[in-house]
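Chemist: pasting the structure only:
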DNA sequence: CCAAAAGTGTTGACTTTACACCCATGC
DNA sequence: GCATGGGTGTAAAGTCAACACTTTTGG
């Protein structure tokens, strides 16, 4: 029974909402294998990485200027044959970026391009990355139901419509807006601000902030199913 | 930016219910590091492992005679420093064994002992294995709420009391038995058998079987919160 | 005053919780 | 006949789903 050297990468499924659509960050590979294919940002663990999460953070920072991003480990994919270079397991991470945050994309040394792609119009992807994105999307759907993950995709001040747009984009279904507002306001996790948004030339919408404190004090795990 | 060789192990958190208590399978390590400490069964990925899950399966089979066990990937622990031998990431798996199934424990070559330990009375553990068990226990609690995981801990025929015992052992809290029975029977996932259990010298209890088919046909994900 | 999005309540169906006693069996 | 765990019902409270119109603003 000889043990085998398995190399370890991290890959990041970074989601953001742009114009009401859920998008994922992809890079265009500069080198083989899968040269010129689109793929998830990621790479091998390096010597200075203290943890898998810090490796994921580093890889994400190589493609964007963002730091301090919400990162969560998703799953480790390690089937033999998933990488033509040999035995490579990848630890996939979910990253959530805030809408409206200025994200500057910059292709890192091993990429010839970086771009946001709508999850429902993805290009052909390298490796098993399509499967990883599908898995991440599913996880995000679940997270919206029982956690305040939606707020990680929004700026600190947002309208109820912005929040509903997150739910509709991620769940890919329409939601009744009366019930939606009622439920969120009743949960007591939104702090009403004395400000309004002036995006449209129509009636301005009230801005809200997510209250982490109030959320923590809820007696049970809340449910946000729509 | 040099990449670093990270070795990969799998570790298995195998749970079973014994006399109404949730127990976890541990081995006593025969070699350094942590010689003579209790630890999770597991080991390095070997050349014949086709996937991480098959490696987990193999490791579990080395300590027990069971196969065809429910296995689910939990989380990958990869912080630098978690293993004194160098950089080792471990992919942790959850395994659920059925109560009453004859499990024959046999210490594998690298163990001097194998035993079931109640999760609330664990010995000192090697590596970060205590943390892994805590994580696994938490995941199992969640799984009982929204999945039929409890049935993976029971034989194919069981009484409602057996089922309730699983919930009470895993959640570590008592449950109202009228509401418990009502909820499960209403869910329509239990098939009432024409048999009774004859464990006690008192009134025999009716046996039930879990109906996977009926479960699959439920319109939404059911919730089993108590 | 018009176009557009913001904002607002009620009802009926269903689900959840709390709670205590009788039943069937083996000895 | 008794000790033991098996098995059962109801009412009140809360939650969920369906449904359409009025308000506010800028131009």
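Modeler: Ah, there it is. Just so we're clear, the structure is a prediction, and the values are computed from it rather than from any experiment.
Chemist: got the residues of chain A near DNA strand C?
Modeler: By Cβ under 7 Å from any atom of the strand, the residues of chain A that approach DNA strand C are A:159-161, A:177-179, A:181-182, A:196, A:200, A:202-206. Glycine gets a C-beta too; all of them are placed from N, C-alpha and C.
Chemist: so of those residues, which ones are in strands?
Modeler: Members of the residues of chain A next to DNA strand C lying in strands (criterion: DSSP state E): A:196, A:205, A:206.
Chemist: Just name the closest of those to residue B:21, please.
Modeler: Among these, residue A:206 lies closest to residue B:21 (Cβ to Cβ), at 52.6 Å.
Chemist: Next, count neighbours for the residue lying closest to that closest one once chain neighbours are set aside.
Modeler: Once flanking residues are discounted, residue A:206 sits nearest to residue A:196: 5.6 Å by Cβ to Cβ, 6 or more residues apart in numbering or on different chains. Residue A:196 has 12 neighbours, counted by other Cβ atoms under 10 Å in any protein chain shown.
Chemist: surely residue A:196 meets residue A:202?
Modeler: No. Between residue A:196 and residue A:202 there is no contact under Cβ atoms under 8 Å: 11.6 Å.
Chemist: In terms of secondary structure, what does the longest helix seen in chain A contact?
Modeler: In chain A, taking DSSP state H as the definition, the longest helix is helix A:129-146. Applying 3 or more Cβ pairs under 8 Å, 6 or more residues apart in numbering or on different chains; DSSP states H and E, we find helix A:129-146 packed against strand A:7-18, strand A:21-29, strand A:70-77, strand A:88-96, helix A:160-171.
Chemist: How far off centre is that helix?
Modeler: Helix A:129-146 sits 9 Å away from the centroid of its parent chain (Cα atoms, centre = their mean, to the nearest Å).
Chemist: so does it get close to DNA strand D?
Modeler: No. On the criterion Cβ under 7 Å from any atom of the strand, helix A:129-146 is out of touch with DNA strand D, staying 10.4 Å away.
Chemist: Go ahead and name everything in contact with that helix.
Modeler: A:11, A:13, A:15, A:22, A:24, A:39-40, A:74-75, A:77, A:90, A:92, A:94, A:96, A:119, A:122, A:125, A:149-150, A:166-167, A:170-171, A:221-225 (Cβ atoms under 8 Å, 6 or more residues apart in numbering or on different chains).
Chemist: quick one: that helix to strand A:70-77, angle?
Modeler: Between helix A:129-146 and strand A:70-77, the angle comes out at 130 degrees (axes from the mean of the first three to the mean of the last three Cα atoms, to 10 degrees).
Chemist: the inter-axis angle of helix A:129-146 versus strand A:7-18?
Modeler: With the same axes, to 10 degrees applied, the angle from helix A:129-146 to strand A:7-18 works out at 60 degrees.
Chemist: Okay, buried residues for helix A:129-146 please.
Modeler: For helix A:129-146, a neighbour-count test (16 or more other Cβ atoms under 10 Å in any protein chain shown) marks A:129, A:132, A:133, A:135, A:136, A:137, A:139, A:140, A:143, A:144, A:145 as buried.
Chemist: try stretch A:79-88
Modeler: In stretch A:79-88, counting by 16+ other Cβ under 10 Å, buried: A:80, A:82, A:83, A:87, A:88.
Chemist: right, and out of the residues you listed, which lies closest to DNA strand D?
Modeler: Nearest to DNA strand D among the buried residues of stretch A:79-88 is residue A:82, at 38.5 Å by Cβ to the nearest atom of the strand.
Chemist: contacting residues for the closest one?
Modeler: With contact taken as Cβ under 8 Å, 6+ apart, residue A:82 is in contact with A:88, A:90, A:127, A:128.
Chemist: Of these - the most surrounded one?
Modeler: residue A:90 (25 neighbours).
Chemist: thought that residue was touching residue A:6?
Modeler: No. Here residue A:90 does not reach residue A:6: they are 10.5 Å apart, not a contact under Cβ under 8 Å.
Chemist: Could you give the number of residues near the nearest residue to residue A:215 once chain neighbours are set aside?
Modeler: Leaving aside its chain neighbours, residue A:215 sits nearest to residue A:189 (4.6 Å; criterion: Cβ to Cβ, 6+ apart). Residue A:189: 22 surrounding residues under other Cβ under 10 Å.
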